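Student: this one's sequence-less:
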């Protein structure tokens, strides 16, 4: 089984995703776990506690990750969509699955951008932090993760089946 053009594109976009994720982790440094904590905060009080726990250096790192994190969602959305096209070229997918694999990465990336905009605003405008804003943003974050991880999981198990069939031939 040789690599197709779509396979090579998938490998390229996947590698770019890894580089982008590593760059964001590098920028965040020790503040990285606090990003996940902010994304999953369910109350104004918890959100404020997380921000208050950061020193000036961590806040600067937190802010610095946003610029590349506005590009990162496009990278993973493209990688997931190319993966879906590559899988569809190797095995039949139902129209519903094809549609879901086309839309889920775009919706996830859009949610990621919304989350980034809100996070960037709130870090410098803490008076705007409210339970409603925090909970709405956390829901967007959760949906973003579900869509992205769900797409990746579906593609991974699909490719594993394709590769297993190829090995057994």
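Tutor: Yes, it's here. Worth saying up front: this structure is predicted, and the values here are computed from it rather than measured. Numbers count the residues shown, from 1 in each chain.
Student: can we go C-alpha only for contacts and neighbour counts from here?
Tutor: Fine.
Student: and the helix ranked longest in the chain, what does it pack against?
Tutor: Looking across the chain with DSSP state H, the single longest helix is helix 131-168. For helix 131-168, the packing partners by 3 or more CA pairs under 8 Å, 6 or more residues apart in numbering; DSSP states H and E come out as helix 32-39, helix 44-52, helix 66-90, helix 95-124.
Student: ok and it relative to helix 44-52, angle-wise?
Tutor: Counting by axes from the mean of the first three to the mean of the last three CA atoms, to 10 degrees, helix 131-168 lies at 70 degrees to helix 44-52.
Student: give the buried residues for helix 131-168.
Tutor: Of the residues in helix 131-168, those scored as buried under the neighbour-count criterion (16 or more other CA atoms under 10 Å) are 131, 133-135, 137-145, 147-149, 151-152, 155, 158-159.
Student: which ones are touching residue 29?
Tutor: Contacts of residue 29 were listed using CA atoms under 8 Å, 6 or more residues apart in numbering, and they are residue 61.
Student: got a pLDDT number for it?
Tutor: Reported pLDDT at residue 29 in the predicted model: 96.
Student: for it, give its distance to residue 15.
Tutor: Look at residue 29 and residue 15: by CA to CA, to the nearest Å, they are 21 Å apart.
Student: please report phi then psi for residue 4.
Tutor: Summarising the backbone geometry of residue 4 under the convention degrees, to the nearest 10, its torsions are phi -90, psi 170.
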